[in-house]
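Chemist: got a sequence here, can you build the structure:
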Amino acid sequence: MPLVACAVVAYTVGLWLGFSQLNVLAAAACAAAAGAVASLAAARRGRGTAVALALLACAALFVARDAVPRDDGAGGPVARALADWRVQATARIDSLYGDDAPVVRALLVADMKAIPPDLRDRFAASGLVHILSISGLHVAIIAGAVLLLFEAVRMPRTRARWAALAVTALYVAAIGAPPPALRSAAMLGVTTLSRSLQRPTSPWAALALGAAIPLADPRVALDLGWQLSVAGFASLTAAQLWARRTLPHTLRGWRRSLATDLAVSVLATLATAPLVVWYFGRLSLIAPATNLAAGPVVSVLQPALFLALVLAPLHGTAAFVADASRPPLHALVAIADAGARVPGGAVGVAPSLAVAILCGIASAALVTAAASRQWGRALGVSCAVLAAAVWWPDARPTGGYAELHVIDVGQGDAVAVRTPAGRWLLFDAGRSWRSGDAGRSTVIPYLRRWGGELTLFTLSHPHADHVGGGATVLRALHPRRYLDAAFAGGSEPYRASLAAARAAGIAWSRVHPGDSLEVDGVTVTFLAPDSAWTSSLADPNLASTVALVRYGSVRFLLTGDAEAPEEEWLLRHWLQTLHADVLKVAHHGSTTSSTAEFVAAVRPRVAVVSVGAVNSYGHPGTPVIRRLLDAGALVLRTDQLGTVVIRTDGHALSALAQGQRWPVP
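Modeler: Numbers count the residues shown, from 1 in each chain. Alright, predicted model coming up:
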């Protein structure tokens, strides 16, 4: 493996560690270890290589700590024109594909926001979630199809390659240049140039140049699509080298191709496993088989979708091509459904951050072993690091800080308070759907990878977008207590949560205004609801549990889905108590909540809105956001930033989102 590829690996791992929650000393130690592992692929260059790569990884760590956030402004005329094209392309896809549009938008214009959670869950369980993100595979298929088209019209081969590269580059720019697509286009450019100059190019060197985007923008290293794309191509290259070296020469034709494809699929599954379990909380054991089945389908589907998009101005012709592309599109979804239904095909795995990093190092060493003729040392390192990951302690104290985690569960709520001793107080558990729930897919993996026990589960009200994951969380994490407002009627997920609590022996009790409890210096005081006031209510939102969480002099106000009538009740009974530094905005920012009087009484420095992207309710309401901004609050939204973490030492506040941390004035 060329030294430049080893250097990119070391630099990228250093960036990940720099953006992580590890302290500087622990992160530097891991970075040095990662540099040493990267040097295995260049062992013949001497011991100085290991030292140099370790230093490079440590340097990247500090680059990440000081990284400036990307400028997401409108840009120049070209950028605005491309953004307008992307909006138009999305509208045309919706018009052509109807109910199938969310998947097509993901495959063509890198827009995954509209994919239903249950569908994404099935793709994750079957090991095909990487297909829903624009990756090097998608771009390579489109580039190959365009090249084939140019050659079919008898364009000279060299000119056809450059023309295909130009079309591919324009397409990548038009969809917003997502990192994995940019990586693939850069590799295509390197390959085209080397062939034009008749110079051989190592696939590792081409991958290193394509994967070097974090040199210009360090935050690209946090992009899941880029991570999966680079890991997948590295696995492809290593597995092909292994197959060429290991498979018997008597194995020929389709049998050899099948064996090579199986080796690629298995190694890619192992190499990307740390990423998949970190982001999705599960490991798909069926992934090698489903990827073998999905590969030919995607090879046919992607060019057809691209052609339909190109022909969109000719609606009749585009509609014909779109209809022709539906069978492979439905076949892809069917493969994901079948893989998700296989008993034991996916297992829940929720590693801590340190364990995920160790598993990532083990995977990198495994890929190195597959690519190397002298594989023994790299394989030994992989096994040793994997053993360390198995025994690594899961809990990690927060070191004197309390944290509020507004977990991104889409259109729903799951808010977790982490005490200075590393224990969790969870308020709500997200939504549920036909084949799963946010508790299993998001909340449990999130809490487990941070480490620490769940001490308390509090339910704001029994609507499914708050209690949908409750039963799963209670069965898996066994908190000591379950508190809620006991609103009469409830819902099926609410009744399931009560049954799970009873089966697990979890103590249940009803919330009363004025009740208070203390855990590791964090005090929770419940302000609402009052049973006498809610006895005649028909809407559970109006009986939401409202909690004031205090650590030192810092106050967090958690409001569930409380609406204007309950806010009025709070103003009458708790006016002098409502002030809070951080407000979890009620009802996902609905205009039925957050009245001017209530916002004026709370006077938040930070307002966090837990809301799903492109939701059908129109949340959050523009008047609510304007009201919060006018009150001087910093407004943070999970549909824009993902999970939001607010940390405090009892006096100062800092916010963390998308790998960026900044102080709150």
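Chemist: A strand includes residue 255, no?
Modeler: No. Counting by DSSP: H, G, I helix; E, B strand; the rest coil, residue 255 falls outside a strand, being helix.
Chemist: ok, it to residue 247 distance?
Modeler: Relative to residue 247, residue 255 is positioned 9 Å away (CB to CB, to the nearest Å). The way it works is simple: take the backbone N, C-alpha and C, and place the C-beta from them, glycine included.
Chemist: who has more neighbours, these two?
Modeler: Between residue 255 and residue 247, residue 247 has the larger neighbour count (other CB atoms under 10 Å), namely 15 against 11.
Chemist: any idea which element the residue nearest to that one when sequence neighbours are not counted lies in?
Modeler: Ranked by CB to CB, 6 or more residues apart in numbering and with sequence neighbours excluded, the top spatial neighbour of residue 247 is residue 259, at 5.8 Å. Under the criterion of DSSP states H and E, residue 259 resides in helix 253-280.
Chemist: from the contact counts, what lies against that helix?
Modeler: Applying 3 or more CB pairs under 8 Å, 6 or more residues apart in numbering; DSSP states H and E, one finds that helix 253-280 contacts helix 224-246, strand 282-284, helix 287-310, helix 353-371, helix 444-450.
Chemist: export those to CSV and tack on mean neighbour count?
Modeler: Converted to CSV, the helices and strands packed on helix 253-280 look like this (neighbours: other CB atoms under 10 Å):
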stretch, mean neighbour count
helix 224-246, 21
strand 282-284, 23
helix 287-310, 20
helix 353-371, 24
helix 444-450, 22
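Chemist: any chance of these in TSV, plus mean pLDDT and distance to residue 462?
Modeler: Below are these laid out as TSV (pLDDT from 0 to 100; distance: least, CB to CB, whole Å):
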stretch	mean pLDDT	distance to residue 462
helix 224-246	79	33
strand 282-284	75	27
helix 287-310	86	37
helix 353-371	77	33
helix 444-450	83	20
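Chemist: which stretch among these comes nearest residue 275?
Modeler: Evaluated over the helices and strands packed on helix 253-280, closeness to residue 275 peaks at helix 224-246, with 5.3 Å, by CB to CB.
Chemist: following the worst-scoring helix or strand of the chain on mean pLDDT, which helix or strand shows up next?
Modeler: Using mean pLDDT, DSSP states H and E, the weakest-scoring helix or strand in the chain turns out to be helix 24-38, at a mean of 65. Next along the chain after helix 24-38, taking DSSP H and E as the criterion, comes helix 47-65.
Chemist: that next one: which residues count as buried?
Modeler: Neighbour counts over helix 47-65 (16 or more other CB atoms under 10 Å) mark 49-50, 52-54, 56-61, 63-64 as buried.
Chemist: just give me the residue right at the centre of this protein.
Modeler: residue 279 (5.0 Å; CA atoms, centre = their mean).
Chemist: residues touching the closest residue to that one other than its chain neighbours, list them.
Modeler: Counting by CB to CB, 6+ apart, residue 279 lies nearest to residue 224, which is 5.6 Å off, once chain neighbours are set aside. Residue 224 makes contact with 133, 275, 279, according to CB atoms under 8 Å, 6 or more residues apart in numbering.
Chemist: ok, so of these, who is nearest residue 194?
Modeler: Using CB to CB, residue 133 is the member of the contacts of residue 224 that lies nearest residue 194, at 27.7 Å.
Chemist: count the residues that sit near the closest one.
Modeler: Around residue 133 there are 21 residues (other CB under 10 Å).
Chemist: look up how far residue 178 lies from it.
Modeler: Applying CB to CB, the value for residue 133 to residue 178 is 8 Å.
Chemist: pipe the buried residues of helix 47-65 into TSV and attach distance to residue 547 per row.
Modeler: TSV is the format used below for the buried residues of helix 47-65 (distance: CB to CB, whole Å):
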residue	distance to residue 547
49	55
50	52
52	52
53	49
54	47
56	47
57	43
58	42
59	44
60	41
61	38
63	40
64	35
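Chemist: okay, now the residue nearest to residue 480 when sequence neighbours are not counted: neighbour count?
Modeler: Nearest non-adjacent residue to residue 480, counting by CB to CB, 6+ apart: residue 455, 5.7 Å away. Using other CB under 10 Å, the number of residues around residue 455 comes to 20.
Chemist: the strands in the stretch 551-665 of the chain, which residues?
Modeler: 554-558, 582-584, 606-609, 634-637, 644-648, 653-657, 660-664 (DSSP state E, counting those that start in this stretch).
Chemist: off-centre distance for the shortest one?
Modeler: Okay, so that is strand 582-584. Distance of strand 582-584 from the chain centroid (CA atoms, centre = their mean, to the nearest Å) equals 24 Å.
Chemist: what does it contact?
Modeler: 404, 406, 413, 415, 554-559, 602, 604-608, 610, 628, 633, 646, 653.
Chemist: so for the residue nearest to residue 113 when sequence neighbours are not counted, what's the pLDDT?
Modeler: Distances taken as CB to CB, 6+ apart place residue 613 nearest to residue 113, at 4.1 Å, with adjacent residues excluded. You'll see residue 613 listed with a pLDDT of 86.
Chemist: and for residue 613, the neighbour number?
Modeler: By the criterion of other CB under 10 Å, residue 613 has 16 neighbours.
Chemist: next one: the one 4 residues further on
Modeler: Residue 617: 13 surrounding residues under other CB under 10 Å.
Chemist: next up, the contacts around it.
Modeler: Going by CB under 8 Å, 6+ apart, the list of residues near residue 617 reads 411, 588, 590.
Chemist: can you report phi and psi for it?
Modeler: phi -90, psi -10 (degrees, to the nearest 10).
Chemist: repeat for residue 550
Modeler: According to degrees, to the nearest 10, residue 550 has phi -130, psi 140.
Chemist: repeat that for residue 461.
Modeler: phi -170, psi 160.
Chemist: distance of it from residue 14?
Modeler: Distance from residue 461 to residue 14, by CB to CB: 45 Å.
Chemist: who has more neighbours out of those two?
Modeler: residue 14 (32 against 26).
Chemist: related to what we said a few turns ago, going by distance to residue 385, which of the contacts of residue 224 wins?
Modeler: Residue 385 has its nearest neighbour among the contacts of residue 224 in residue 275, at 16.0 Å by CB to CB.
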